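Asker: predicted model and sequence follow; I will ask about them next.
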Amino acid sequence: MPFSKERTDLIKVKLRERLESESPNDWERSFFKTMVERFEKHGTQTRLTTAQYKKLHQLLGLSSKAEATHTSGPSRPTKSNNQPPSKRAVPRSRPAFSNGRTRHRNSSPLSVLYAPQRAVRRATKQIMWPVVLIFGLFSLIGAAFDAGEKPSRSVAGGPVQSTRASLVVTGKSVNLRSGPGTSYAVMGQLRAGTRVQQVSDGNGWTQISSSLGTGWMSSQYLKHQGSGFASSVQTNRRSLHASDIRVIDGDTVGIRGQAANVRLVGFNAPETRSPKCSAEKNAGLQATARLRALIGSAQSIELERVACACRPGTEGTRRCNYGRQCGVLKTNGNDVGRILISEGLAVRYICGRNSCPRRPGNWCR
């Protein structure tokens, strides 16, 4: 049992003595009364928590005896310390890890709750490192094969001759492709008069080195310097008929035989495809109809190709003006942009060398 009869009687006496004295404070007096009630009710079977017994031992000044050892559960028989040293119980040591740390088992509710997550993290770390190493090894092997392999491709499988010469682009805006054929990706466009370095050629395609990098261009748009270039390319201007032009909106047109549309520069017309309000859409339809009328009634039409205000190397791609070309359209010698501005159907819009400001014009007021 937790307390012997002598111990119980001693505790009761000391509790009454402390209650009759004037030294206890309010908390201690309440604590002593609670203890008296328990010991009077349960006697030697009184059960206290370890904290309660320690406080009782401290306040009453009880002597330390073997009986005084108290737990909240049934008392366990204690072994006498008078046994020979060889017969004394040796405390069982906890198993230790190989690194010398003692195994600690945490059985708190939170540790049990997060144990699956910790197990998953440990497993992920153990699996990910080998996977990363394997991918890195394959990448190194692939890079080694790519570095040692230099394929030569042609359209019809014919021989590709390796030559070196200075060439000039004769087309107004010619695509530079990643391979010798129209099925290869477009790297950009080069304007007429651009000087390039020939790398190789074969089957109607020429590999050149330019400001856009090394790529392929149709040989019909290239000429050697001094071989009739002056007579082949004199200007970026092109005369057109009204039937060659398809009006898309007030500042954009399409040209027959040309894949990319042309954004007319120097002005900005109201939007018709994504207007901010109905008033802007109506104004955009008016500007489109007016541009169509100017082209349809013109005696002469001239389109001058100009460079777009984009970052170097991006012209001709979606990163530059949505893949459109840039130009100035004149009917009967007059810039159509200036005509639309004077009639209130467009506003002046001037871009810089490599970028454009925010589009002006508010037709929703």
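Answerer: Okay, I see it.
Asker: once you drop chain neighbours, what's closest to residue 210?
Answerer: residue 196 (4.5 Å; CB to CB, 6 or more residues apart in numbering). Just so you know, the C-beta spots here come from the backbone N, C-alpha and C atoms, and that holds for glycine as well.
Asker: can you give me the helices for this structure?
Answerer: 5-20, 26-42, 50-60, 109-148, 229-232, 278-296, 336-342 (DSSP state H).
Asker: buried sites along the third one?
Answerer: Same thing as helix 50-60. Buried positions in helix 50-60, judged by neighbour count with 16 or more other CB atoms under 10 Å: 52-53, 56, 59-60.
Asker: quick one: the residue nearest the centre of the chain and residue 38, what's the gap?
Answerer: Centroid-nearest residue in the chain: residue 319, 19.5 Å away (criterion: CA atoms, centre = their mean). Per CB to CB, to the nearest Å, residue 319 is found 85 Å from residue 38.
Asker: residue 287 now?
Answerer: Distance from residue 287 to residue 38, by CB to CB: 98 Å.
Asker: neighbour-wise, which of the two wins?
Answerer: residue 287 (26 against 17; other CB atoms under 10 Å).
Asker: check residue 338 and give its pLDDT.
Answerer: Per-residue pLDDT puts residue 338 at 95.
Asker: coming back round to it: tell me who's in contact with the residue nearest to the centre of the chain.
Answerer: 310-311 (CB atoms under 8 Å, 6 or more residues apart in numbering).
Asker: looking at it now. What's its pLDDT?
Answerer: 84.
Asker: ditto for residue 285
Answerer: Residue 285 is given a pLDDT of 95.
Asker: give me the neighbour count for it.
Answerer: The burial count for residue 285: 15, using other CB under 10 Å.
Asker: distance of the residue nearest to it when sequence neighbours are not counted relative to residue 248?
Answerer: Distances taken as CB to CB, 6+ apart place residue 272 nearest to residue 285, at 6.0 Å, with adjacent residues excluded. For residue 272, the distance to residue 248 equals 9 Å [CB to CB].
Asker: what touches both of these two?
Answerer: residue 288.
Asker: can you tell me which residues contact the closest residue to residue 356 other than its chain neighbours?
Answerer: Excluding the flanking residues, the one nearest residue 356 by CB to CB, 6+ apart is residue 309, at 5.2 Å. Contacts for residue 309 (CB under 8 Å, 6+ apart) come out as 326, 351-356.
Asker: neighbour-wise, which of those residues leads?
Answerer: residue 326 (22 neighbours).
Asker: among the helices of the chain, which is nearest residue 169?
Answerer: helix 229-232 (9.7 Å; CB to CB).
Asker: what is the nearest of the contacts of residue 309 to residue 6?
Answerer: residue 355 (99.0 Å).
Asker: I'd like the distance between the nearest residue in space to that closest one that is not next to it in sequence and residue 52.
Answerer: In space, and not counting its chain neighbours, residue 355 is closest to residue 309: 5.9 Å by CB to CB, 6+ apart. From residue 309 across to residue 52, the span is 85 Å (CB to CB).
Asker: picking up where we left off before, would you mind giving the contacts of residue 309 as JSON lines with pLDDT and distance to residue 138 added?
Answerer: Below are the contacts of residue 309 laid out as JSON lines (pLDDT from 0 to 100; distance: CB to CB, whole Å):
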{"residue": "326", "pLDDT": "91", "distance to residue 138": "45"}
{"residue": "351", "pLDDT": "89", "distance to residue 138": "46"}
{"residue": "352", "pLDDT": "83", "distance to residue 138": "46"}
{"residue": "353", "pLDDT": "79", "distance to residue 138": "44"}
{"residue": "354", "pLDDT": "81", "distance to residue 138": "40"}
{"residue": "355", "pLDDT": "84", "distance to residue 138": "41"}
{"residue": "356", "pLDDT": "87", "distance to residue 138": "44"}
